[in-house]
Structures are given as structure tokens and as C-alpha cells.
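J.: Sharing a model that was predicted from the sequence below.
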Amino acid sequence: MKKVLITGGAGFLGSHLCDRFIKEGFYVIAMDNLITGDLKNIEHLFPLEQFEFHHHDVSKFVHVSGKLDYILHFASPASPIDYLKIPIQTLKVGSLGTLNLLGLAKEKKATILVASTSEVYGDPLVHPQNEDYYGNVSPVGPRGVYDEAKRFMESITMAYHRFHGLETRIARIFNTYGSRMRLNDGRVVPAFMGQALRGDDLTIFGDGSQTRSFCYIDDQIEGIYRLLFSDYKDPINIGNPHEITIKEFAEEIIKLTGTNQKIIYKPLPQDDPLQRQPDITRAKEILGWEPRVKRIEGLKIVYDYFKSLDPEELQKREHRNFA
């Protein structure tokens with residue numbers, strides 16, 4: 001049985017990866033410090049013999065006994081609400097955490113896939129964004145703690161590949177949505193749906209003309225899985241190329257939920273990107289991958305998931321006290 005370590009395994013993407021690798025017959029080790037992850041996302045896996053959980057911060061030394069075939073490094077705060085509250089931890093998990101896991105992969109002769117992000121492109125001057133674009137990022141802006149952590153992650157991963165011959169993969173992940181997202185995590189899909197379910201007005205930051213592209217979780221996991229088992233070393237975009245303005249998206253959510261909330265506008269946060277759309281030509285050609293789930297289909301599934309949450313979860317505005 002092949003063994004895989006998934007860091008950030010109790011998070012949104014990480015928990016779905018745990019499910020996929022269990023389904024594919026792997027022995028799965030999930031590792032998470034639970035600063036933004038939640039054990040509820042993986043509690044259904046605890047009875048399984050081929051699953052174990054380690055409560056650990058990968059910014060500190062990481063040890064896994066025995067053989068290890070694959071590492072997927074998904075440990076990191078991923079929403080602005082989180083990484084603006086815990087900026088130093090965000091920088092450390094992208095830098096020290098990545099260094100520790102690359103060292104582990106080298107020791108175990110394991111293949112490692114790191115979760116980079118569309119945020120490496122910053123507020124892009126190229127549209128749509130392809131992998132050859134270097135980005136437009138402020139290293140000293142408030143969002144730089146996440147953007148630059150991921151850019152460093154890519155750089156040191158390629159250094160380990162070139163210098164040590166390590167088998168590495170880099171996924172540049174664009175906006176993804178699905179079950180197990182936190183309603184209060186600050187990203188637009190759960191934010192709008194949470195507001196609709198609570199009867200709050202939908203809040204748009206800026207004038208709503210900025211664009212995003214949303215990939216359903218099952219499609220995202222399939223893209224990541226195919227990338228891991230490819231032999232492609234350079235970064236590759238995994239996301240949905242169908243672009244929509246935030247104002248149009250808010251109207252779509254109101255129609256889907258059957259609510260009659262107003263849309264209110266607040267100032268756009270500093271360095272918030274105005275356009276976000278992946279060029280997935282490389283993923284199509286190399287991985288034979290493209291998204292299958294239409295946005296309206298995926299949103300219905302996610303809305304039903306959020307509706308099923310208990311009232312206490314629905315009203316929760318803060319994940320936890322980071323102080």
C-alpha cells in the first residue's frame with residue numbers, strides 16, 4: 001500500500017484530498033495544526049485502518065516513520081481573513097514548512113506536490129493568467145504575507161528539484177469552492193451564501209466589476225491528482241477559466257437562494273486583484289484535464305451543504321481567537 005502525507009489535511013482542500021487518496025487505496029497520514037483546519041472535516045476517516053492523523057505544525061521539524069511515497073503540502077491559511085490575522089504563521093508555513101517537507105521528501109525519496117496559488121500573479125497585468133507570467137505583487141503590502149510565501153515556496157521547490165533531483169510538482173490553484181468551506185472564512189462563495197442564509201445584505205468590496213473564476217472542489221481534486229502522477233515539474237494552473245464579475249455573481253447567488261437581500265458596497269481592500277482567470281492550456285495539454293462541473297450545478301450542491309449546517313454554525317462570525 002502506497003503511503004501519502006497530506007499537510008493541512010483537516011482543511012478544505014486537504015480533507016477532500018484525504019478522501020480521494022483513501023478511495024484510491026493509499027495509506028493516508030493527515031497532518032494539521034488546526035489553526036484554520038477542523039477535525040470535523042476528517043472525523044469520518046478516523047475509524048479506518050489506513051488513516052492516521054498527526055496534530056503538528058509543519059513549520060517545526062517534521063518526522064514520519066517508515067516509508068513515504070508522496071507528500072502533498074497543503075498546510076497554510078488560504079483566506080484573506082485568516083492570513084491577515086496570522087501573517088507571521090502564514091509566512092512561516094510557506095517558507096519553513098516547505099523547507100521541512102522538501103527535506104522529508106529528500107530523505108524518503110518521495111514525490112512532493114506543493115499547493116501554490118493564483119495569488120502569485122498578484123493584481124495581474126496579463127489576462128487571462130498563464131504560467132509564464134511573473135506576476136504583479138507587492139512584497140510589503142498586507143497580502144504579501146501570503147503571495148510571497150507561495151512565491152518562495154515555488155522557488156525553493158524548484159531549487160530542490162534542480163539541485164537534488166527531487167521529484168516535485170507545483171499546482172497553482174485558483175478560486176475553489178465546495179463543502180467543508182467555513183462560512184466565515186471571508187472568501188466570496190461562503191460569504192455570499194452565509195449572508196443569504198442569515199438574511200443579511202450581500203457585501204461587495206469595490207464596485208463589483210472585479211472578476212473571479214470558480215472551480216468546483218471535485219474538479220480541483222481531479223486536477224491535483226493528475227498533476228501528482230504526471231512527470232511535469234514546472235508550475236501548472238488548476239482552475240476554472242469561466243470568468244464572472246463579483247456583481248454578477250452576487251446576483252446569481254440571490255437568484256439561487258431565492259432571497260431578496262440588497263447588495264451593499266464597501267471599499268476595495270489594498271492590493272485586492274481586479275482580475276482572476278486562469279489560462280489552463282497547459283493543464284489541458286499535459287494532464288488532459290479541464291473542469292466538468294458547471295458553476296450553477298456546483299453552487300446548488302454547496303448551498304444545500306450550507307443549509308444543512310446547524311444554526312450555531314450558521315451564526316458564527318469568527319473561526320477562533322488567533323491571539
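T.: Sure, I can see it.
J.: which residues of the stretch 151-300 of the chain score low on pLDDT?
T.: Along the stretch 151-300 of the chain, the model assigns pLDDT under 70 to residues 271.
J.: hey, where'd the helices end up in the stretch 201-323 of the chain?
T.: In the stretch 201-323 of the chain, helices defined by DSSP state H, counting those that start in this stretch lie at 217-228, 246-257, 281-282, 295-307, 311-315, listed in chain order.
J.: Next, format the ones you listed as CSV and append mean neighbour count and distance to Ala191.
T.: Using the backbone N, CA and C atoms, a C-beta is placed for each residue, glycine as well. Formatted as CSV, those follow (neighbours: other CB atoms under 10 Å; distance: least, CB to CB, whole Å):
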stretch, mean neighbour count, distance to Ala191
helix 217-228, 20, 17
helix 246-257, 18, 10
helix 281-282, 17, 30
helix 295-307, 16, 11
helix 311-315, 11, 13
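J.: could you redo those as CSV and give each row distance to Pro77?
T.: Shown next, in CSV, are the helices of the stretch 201-323 of the chain (distance: least, CB to CB, whole Å):
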stretch, distance to Pro77
helix 217-228, 18
helix 246-257, 22
helix 281-282, 27
helix 295-307, 21
helix 311-315, 20
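J.: Look up the pLDDT of Pro142 for me, please.
T.: Pro142 is assigned a predicted lDDT (pLDDT) of 89.
J.: now Pro80
T.: Pro80 is assigned a pLDDT of 85 by the prediction.
J.: Check the one 5 residues further on too.
T.: At Lys85, the pLDDT value in this model is 92.
J.: now the one 10 residues further on
T.: What the model reports for Ser95 is a pLDDT of 98.
J.: Could you do the one 4 residues further on as well?
T.: At Leu99, the predicted lDDT confidence score is 98.
J.: Mind listing what's buried along whichever strand or helix holds it?
T.: Element membership of Leu99 [criterion: DSSP states H and E] is helix 87-108. Taking 16 or more other CB atoms under 10 Å as the neighbour-count basis, helix 87-108 is seen to contain the buried residues 87, 89-102, 104-105, 108.
J.: Outside of stretch 220-235 itself, list whatever touches it.
T.: Taking contacts as CB atoms under 8 Å, 6 or more residues apart in numbering, the residues outside stretch 220-235 that touch it are 13, 16-17, 20, 24, 70, 72, 111, 113, 115-116, 120, 131, 154, 158, 161, 168-173, 176, 178, 236, 238-239, 283, 286-289.
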